[in-house]
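In: no letters, just coordinates:
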């Protein structure tokens with residue numbers, strides 16, 4: 001088993017490297033928690049001082065129209081930052097269908113139109129000034145805030161990338177069936193530690209997921225056994241089977257990731273993981289490591305979300321520093337959804 005995991009990691013790393021031909025050298029912290037040159041809270045204070053309030057106003061309009069777009073836009077930042085870094089490459093469109101948007105992990109990803117809506121409003125006030133990458137980061141923060149979570153400071157100063165490749169997204173995003181060893185490997189490659197992993201996983205406290213992302217592994221064919229994951233709470237599993245049809249490969253039926261408070265950014269996710277009622281194998285995998293399981297247990301028993309909120313601000317800042325383009329690297333685009341071919 002250990003050998004198989006090693007082979008998987010090596011193969012993934014080799015394939016991911018092969019996708020990176022021609023990639024500009026990004027700015028990146030050498031260790032989690034260290035600042036990145038070119039990023040700063042208030043980067044636009046002189047050039048577009050109202051940008052954060054513009055983004056927040058648009059986000060209020062978006063989530064009032066459909067609250068599920070808040071969690072969707074939080075997920076959007078993960079898909080941007082974990083693939084080629086936080087450079088808005090997820091917004092780039094490939095006519096040949098070989099871009100990040102066309103990758104398997106991007107199936108069901110929502111938020112493209114909403115990022116364009118926010119960008120258009122910002123362009124009206126501050127033409128060719130604010131990057132799409134920074135808008136994605138601010139929108140994710142406000143998605144958390146508008147779900148009763150913290151409105152943490154967001155570093156800005158990113159510039160937008162010009163490359164979007166399908167295989168990067170296929171290789172760099174951890175699948176929902178990942179075990180704890182694989183999860184820690186995916187995160188460590190990006191300069192993130194175990195605490196970033198367990199804290200950022202708390203994002204699953206809001207929003208929904210499609211049955212196709214978990215049903216086979218959790219309900220109907222766990223580890224190829226043809227049965228249910230034995231660690232999954234049986235009552236919860238029965239309710240999931242009512243929603244998710246067996247054998248339906250692209251089942252886009254959605255269920256809440258946190259059944260007790262799906263629209264509130266709170267500690268419900270950790271209570272679900274601790275009680276074996278989390279949705280994904282990758283969620284339950286947090287209980288298979290000494291450090292991540294201890295954090296889950298502490299948050300599940302916490303009377304206040306303050307520690308989680310503080311940790312979340314740090315972890316999102318760390319993720320927001322991954323492979324960023326700053327200074328003269330990258331570009332500022334008028335429209336985020338430019339074509340790459």
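Out: Great, that's in hand. Predicted model, so just to flag it, every value in this text is computed and none were measured.

In: from here on, contacts and neighbour counts on C-alpha atoms
Out: OK.

In: can you pull the contacts of the closest residue to residue 216 other than its chain neighbours?
Out: On the basis of C-alpha to C-alpha, 6 or more residues apart in numbering, the spatially nearest residue to residue 216 that is not a chain neighbour turns out to be residue 222, at 6.9 Å. By C-alpha atoms under 8 Å, 6 or more residues apart in numbering, residue 222 lies in contact with 216, 228-229.

In: among those residues, who's most crowded?
Out: With neighbours taken as other C-alpha atoms under 10 Å, the top of the contacts of residue 222 is residue 216, carrying 24 neighbours.

In: which parts of the protein are helices?
Out: 2-18, 51-65, 69-81, 112-125, 132-145, 166-172, 180-189, 194-200, 215, 234-243, 268-274, 281-284, 290-301, 306-319 (DSSP state H).

In: so the last one versus helix 69-81, what angle?
Out: Following axes from the mean of the first three to the mean of the last three C-alpha atoms, to 10 degrees, one obtains 40 degrees for the angle between helix 306-319 and helix 69-81.

In: hmm, back to that, which one of the contacts of residue 222 is nearest residue 252?
Out: Of all the contacts of residue 222, residue 252 sits closest to residue 216, with 13.1 Å by C-alpha to C-alpha.

In: off-centre distance for stretch 240-254?
Out: 23 Å (C-alpha atoms, centre = their mean, to the nearest Å).

In: which other residues reach it?
Out: 208-212, 215-216, 219-220, 255.

In: whichever of these end up buried, select them in PyMOL.
Out: Buried subset of the contacts of stretch 240-254, written as a PyMOL selection, criterion 16 or more other C-alpha atoms under 10 Å:
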select buried, resi 208+209+210+211+212+215+216+219+220+255
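
In: I'd like the contacts of stretch 240-254 as CSV, with distance to residue 77 and pLDDT appended.
Out: Output for the contacts of stretch 240-254, formatted as CSV (distance: C-alpha to C-alpha, whole Å; pLDDT from 0 to 100):
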residue, distance to residue 77, pLDDT
208, 16, 97
209, 16, 97
210, 19, 96
211, 22, 96
212, 21, 94
215, 25, 96
216, 26, 94
219, 29, 96
220, 31, 96
255, 21, 97
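
In: return the subset of the contacts of stretch 240-254 lying in strands.
Out: Residues of those located in strands (DSSP state E): 208-210, 255.

In: and the helices of the chain as JSON lines, adding distance to residue 87?
Out: Listed next are the helices of the chain as JSON lines, based on distance: least, C-alpha to C-alpha, whole Å:
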{"stretch": "helix 2-18", "distance to residue 87": "17"}
{"stretch": "helix 51-65", "distance to residue 87": "18"}
{"stretch": "helix 69-81", "distance to residue 87": "7"}
{"stretch": "helix 112-125", "distance to residue 87": "13"}
{"stretch": "helix 132-145", "distance to residue 87": "5"}
{"stretch": "helix 166-172", "distance to residue 87": "13"}
{"stretch": "helix 180-189", "distance to residue 87": "17"}
{"stretch": "helix 194-200", "distance to residue 87": "19"}
{"stretch": "helix 215", "distance to residue 87": "32"}
{"stretch": "helix 234-243", "distance to residue 87": "36"}
{"stretch": "helix 268-274", "distance to residue 87": "29"}
{"stretch": "helix 281-284", "distance to residue 87": "26"}
{"stretch": "helix 290-301", "distance to residue 87": "29"}
{"stretch": "helix 306-319", "distance to residue 87": "12"}
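
In: of all these, which one comes closest to residue 98?
Out: Nearest of those (C-alpha to C-alpha): helix 166-172, 5.1 Å.

In: for residue 208, give me its contacts.
Out: Contacts of residue 208 by C-alpha under 8 Å, 6+ apart are 68, 71, 254-257, 262.

In: if you could redo that for residue 88, that was the one I meant.
Out: 80, 132-133, 136, 160-161, 336.

In: ditto for residue 138
Out: Applying C-alpha under 8 Å, 6+ apart, the residues near residue 138 are 52, 55, 154.
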